[in-house]
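In: Here is a sequence together with a model predicted from it:
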Amino acid sequence: MRRATNTSVAADKKQVTIADVANLAGVSIKTVSRVANGEPHVRTTTRRHVQEAIDQLGYKANPYARYLRSLRTQVTAASPATQTRRASD
């Protein structure tokens, strides 16, 4: 016997984003990121407020998004060397 799957429930449930948390907490996305990653330089009251928003919305960091973000290229632009003319030319 085959079990029916309820895909409509999963389709209706939108994944909470860091922007949703920032909007609810009234802070920037960077501030939410700092709180979620345990970084310093966030006031205690702000950290508590952001953490309450994270808990209320059930925000979970998306590991795939983090991976994609880490793929940013570390390329430094270089220009071709300029030729210098000798005085005798």
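Out: Received the coordinates, thanks. Residues are numbered from 1 along each chain as shown.

In: The helix or strand hosting residue 55: what's the following helix or strand?
Out: Taking DSSP states H and E as the criterion, residue 55 maps to helix 44-57. Once helix 44-57 ends, the next helix or strand along the chain (criterion: DSSP H and E) is helix 63-70.

In: Low-confidence ranges, the protein, go.
Out: Scanning the chain for pLDDT under 70 picks out the ranges 1-13, 72-89.

In: still on that earlier bit, any residues touching the helix holding residue 55, and which ones?
Out: When contacts are defined by CB atoms under 8 Å, 6 or more residues apart in numbering, helix 44-57 is touched by residues 16, 20-21, 24-27, 31-32, 35-36, 42, 59. For every residue, glycine as well, the C-beta is placed using N, CA and C.

In: how does it look with 10 Å?
Out: 16-18, 20-27, 31-36, 38-40, 42-43, 59-61 (CB atoms under 10 Å, 6 or more residues apart in numbering).

In: buried sites along it?
Out: 47, 49-51, 53-54 (16 or more other CB atoms under 10 Å).

In: Of the contacts of helix 44-57, which count as buried by neighbour count?
Out: Neighbour-count burial (16+ other CB under 10 Å) is assigned, among the contacts of helix 44-57, to 16, 18, 20-22, 24-25, 27, 31-32, 34-36, 42, 59.

In: which one of those is nearest residue 69?
Out: Taking CB to CB as the measure, residue 18 is the one of the buried ones among the contacts of helix 44-57 closest to residue 69, at 11.1 Å.

In: Verify the stated contact: that closest one with residue 69.
Out: No. Here residue 18 lies out of contact with residue 69, judged by CB atoms under 10 Å, at a distance of 11.1 Å.

In: intersection of neighbour lists for those two?
Out: Counting by CB under 10 Å, 6+ apart, the shared contacts of residue 18 and residue 69 are residue 62.

In: before we move on, back to that, now the two most distant members of the buried ones among the contacts of helix 44-57.
Out: The distance between the two most remote of the buried ones among the contacts of helix 44-57 (CB to CB) is 19.9 Å, for 16 and 42.

In: Pull the number of nearby residues for residue 29.
Out: Residue 29 is flanked by 13 other residues according to other CB atoms under 10 Å.

In: Which residues are in contact with the closest residue to it other than its chain neighbours?
Out: Computed as CB to CB, 6 or more residues apart in numbering, the closest residue to residue 29 that is not its neighbour in sequence is residue 22, at 4.8 Å. With CB under 10 Å, 6+ apart as the criterion, the residues that contact residue 22 are 28-33, 50, 53.

In: Sounds good, over and out.
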